[in-house]
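# need a structure here:
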Amino acid sequence: MDNLFNRLLKERTYLLADGAMGTNLFSMGLETGDAPELWNIDYPERIATLGQQFIDAGSDILLTNSFGGTSYRLKLHNAEARVHELNHAAAQIVRQLADASERDIVVAGSMGPTGEILEPTGTLSRENAFTAFKEQAEALQAGGVDVLWIETISDSQEAKVAYQAAATTGLPVVYTMSIDTNGRTMMGVTPAELIQLGAELGTELETAPSACGTNCGVGASEVVAAIINMKTAADEQQFDPVLVAKANCGIPEYVDGKIVYSGTPELMAEYARMVADAGARIIGGCCGTTPMHIAAMADALQDYQARDKPSLEQLERVLGKISTGAKAQLGGDLSVAGGALNGGKARRGSRRGARKTPSTD
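Predicted coordinates for the structure are as follows:
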């Protein structure tokens, strides 16, 4: 059976994803500490309103409101027994919007991290993580998603087990990691290692990820740099993945008692073109990105023909400063230690440490 996501990737140069879920829901009444996933049952019309706004702005891909939909995240809200209900409802809301649309809209089932640390560093076993991700993936599939979308992961082992669980459904699977710490994830995963993981998954499971890339992070400039570094690593590894970029809308600032993001629609339009030049084919926004920003990005990408990848000087002049680690990678040092704060180079390898608490974008 033809899958819409796979078909559109073959037919189009770019696909425009949506923007933020969590930060936009705050403007609709969500309170700090609330679980957005509960709104799939309590306020489905609000989730549908936001989704329709992104469709009207030009998004080709809508993510479901299920980022924190594993039993481990829902347990924080005494809702761990509602995994199927909440994820199924999340998928159904977007499925109905897509079916009613006059153009093709891909329904992507969002799957965020568990919030736990896997063994041996932490206490979560691989088996229990697999079970949790599989439960969520099956509920999203039952609700009608076209693709499973693993996002904002920091640990390569969690990304791997989430992918393996999602792949059991037979649906296309995308995974993105948050490159937010000196050109790495909080757990030390570099763009090159992210690409290596994708190649390994394709070999182990005989089905490569449909796309991979980065989301969230610390601003548009770092995301563009990460995509450039992923493309370089992919070329070196003779691997040709579809690359995904969903950058935060600028940098968060505390203004008048609330968090606001500094990125303008004009900045996000520049980002959209520059990240396309860098090699991304699926482009969207993360925290702080509103339908207004997505509309500007849609205009920027309409009939756009990619140019040469942007230089470091161009990135910093247009989008903002770039970390020492990302600069080292842009200079050709894709190693784990390249550009590390303590300096020096090291052979490529895996480095893991404490991870951050996941956001809901």
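# mind listing the helices for the stretch 201-350 of the chain?
Here the stretch 201-350 of the chain has its helices, by DSSP state H, counting those that start in this stretch, at 220-236, 265-278, 291-301, 312-318, 324-330.
# mind putting the ones you listed in JSON lines, distance to Glu200, mean neighbour count and mean pLDDT included?
C-beta here means a position set from N, CA and C on the backbone, and glycine is covered the same way. Shown next, in JSON lines, are the helices of the stretch 201-350 of the chain (distance: least, Cβ to Cβ, whole Å; neighbours: other Cβ atoms under 10 Å; pLDDT from 0 to 100):
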{"stretch": "helix 220-236", "distance to Glu200": "13", "mean neighbour count": "25", "mean pLDDT": "97"}
{"stretch": "helix 265-278", "distance to Glu200": "23", "mean neighbour count": "23", "mean pLDDT": "98"}
{"stretch": "helix 291-301", "distance to Glu200": "31", "mean neighbour count": "22", "mean pLDDT": "98"}
{"stretch": "helix 312-318", "distance to Glu200": "29", "mean neighbour count": "15", "mean pLDDT": "97"}
{"stretch": "helix 324-330", "distance to Glu200": "20", "mean neighbour count": "23", "mean pLDDT": "96"}
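# do you know which of those helices lies nearest Gly188?
Nearest to Gly188 among these is helix 324-330 (10.2 Å), distances taken as Cβ to Cβ.
# circling back: of all the helices of the stretch 201-350 of the chain, which one is nearest Ile93?
helix 291-301 (16.3 Å).
# Test my guess that Thr214 contacts Ala225.
No: at 9.8 Å, Thr214 does not count as touching Ala225 under the criterion of Cβ atoms under 8 Å.
# Let me have the helices of the stretch 201-350 of the chain in a markdown table, adding distance to Lys258 as columns.
Converted to a markdown table, those look like this (distance: least, Cβ to Cβ, whole Å):
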| stretch | distance to Lys258 |
| --- | --- |
| helix 220-236 | 21 |
| helix 265-278 | 20 |
| helix 291-301 | 18 |
| helix 312-318 | 27 |
| helix 324-330 | 29 |
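# Which helix or strand contains Leu25?
helix 22-26 (DSSP states H and E).
# Now do stretch 17-29: distance to the chain's middle.
Between the centre of stretch 17-29 and the centre of its chain there are 15 Å (Cα atoms, centre = their mean, to the nearest Å).
# before we move on, what about stretch 95-108?
Its chain's average C-alpha position is 20 Å from that of stretch 95-108, according to Cα atoms, centre = their mean.
# got a list of contacts for it?
With contact meaning Cβ atoms under 8 Å, 6 or more residues apart in numbering, stretch 95-108 is reached by 4-5, 8, 15, 17, 48, 51-52, 55, 59-64, 91, 94, 143-149, 174.
# Mind doing that once more with 7 Å?
Residues outside stretch 95-108 that contact it (Cβ atoms under 7 Å, 6 or more residues apart in numbering): 4-5, 8, 48, 51-52, 55, 60-64, 91, 94, 143-147, 149.
# which SSE is the closest residue to Lys134 other than its chain neighbours in?
Using Cβ to Cβ, 6 or more residues apart in numbering and skipping residues adjacent in sequence, the residue nearest Lys134 is Ala165, 4.1 Å away. If you go by DSSP H and E, Ala165 is part of helix 156-167.
# and that helix, what other elements does it pack with?
For helix 156-167, the packing partners by 3 or more Cβ pairs under 7 Å, 6 or more residues apart in numbering; DSSP states H and E come out as helix 126-143, strand 147-153, strand 173-177, helix 191-205.
# got the angle between it and helix 126-143?
Relative orientation of helix 156-167 versus helix 126-143 (axes from the mean of the first three to the mean of the last three Cα atoms, to 10 degrees): 40 degrees.
# And Gly143, how far from Pro36?
Applying Cβ to Cβ, to the nearest Å, the value for Gly143 to Pro36 is 16 Å.
# no no, Ala100
Distance check for Ala100 against Pro36: by Cβ to Cβ, it reads 23 Å.
# so how many other residues sit close to the residue nearest to Lys134?
24 (other Cβ atoms under 10 Å).
# OK, contacts around it?
Taking Cβ under 7 Å, 6+ apart, we find Ala165 in contact with Phe130, Phe133, Lys134, Ala137.
# give the contact list for Ala298.
Counting by Cβ under 7 Å, 6+ apart, Ala298 touches Leu16, Ala57, Gly58.
# before we move on, what about Leu334?
Neighbour list for Leu334: Thr190, Ala192, Asn229, Thr232, Ala233 [criterion: Cβ under 7 Å, 6+ apart].
# And Gly109, by the same measure?
Thr64, Ser66, Ala91, Leu140, Val145, Leu148, Trp149.
# Take those residues and lay them out in a markdown table including neighbour count and distance to Ser323.
Converted to a markdown table, these look like this (neighbours: other Cβ atoms under 10 Å; distance: Cβ to Cβ, whole Å):
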| residue | neighbour count | distance to Ser323 |
| --- | --- | --- |
| Thr64 | 31 | 31 |
| Ser66 | 32 | 31 |
| Ala91 | 27 | 36 |
| Leu140 | 30 | 34 |
| Val145 | 31 | 34 |
| Leu148 | 29 | 30 |
| Trp149 | 33 | 26 |
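# Among the residues you listed, give me the pair with the biggest separation.
Across the contacts of Gly109, no pair lies farther apart than Ala91 and Trp149, at 11.3 Å, counting by Cβ to Cβ.
# Out of the contacts of Gly109, the closest to Gln157 would be?
Of these, the one sitting nearest to Gln157 (Cβ to Cβ) turns out to be Leu148, at 18.2 Å.
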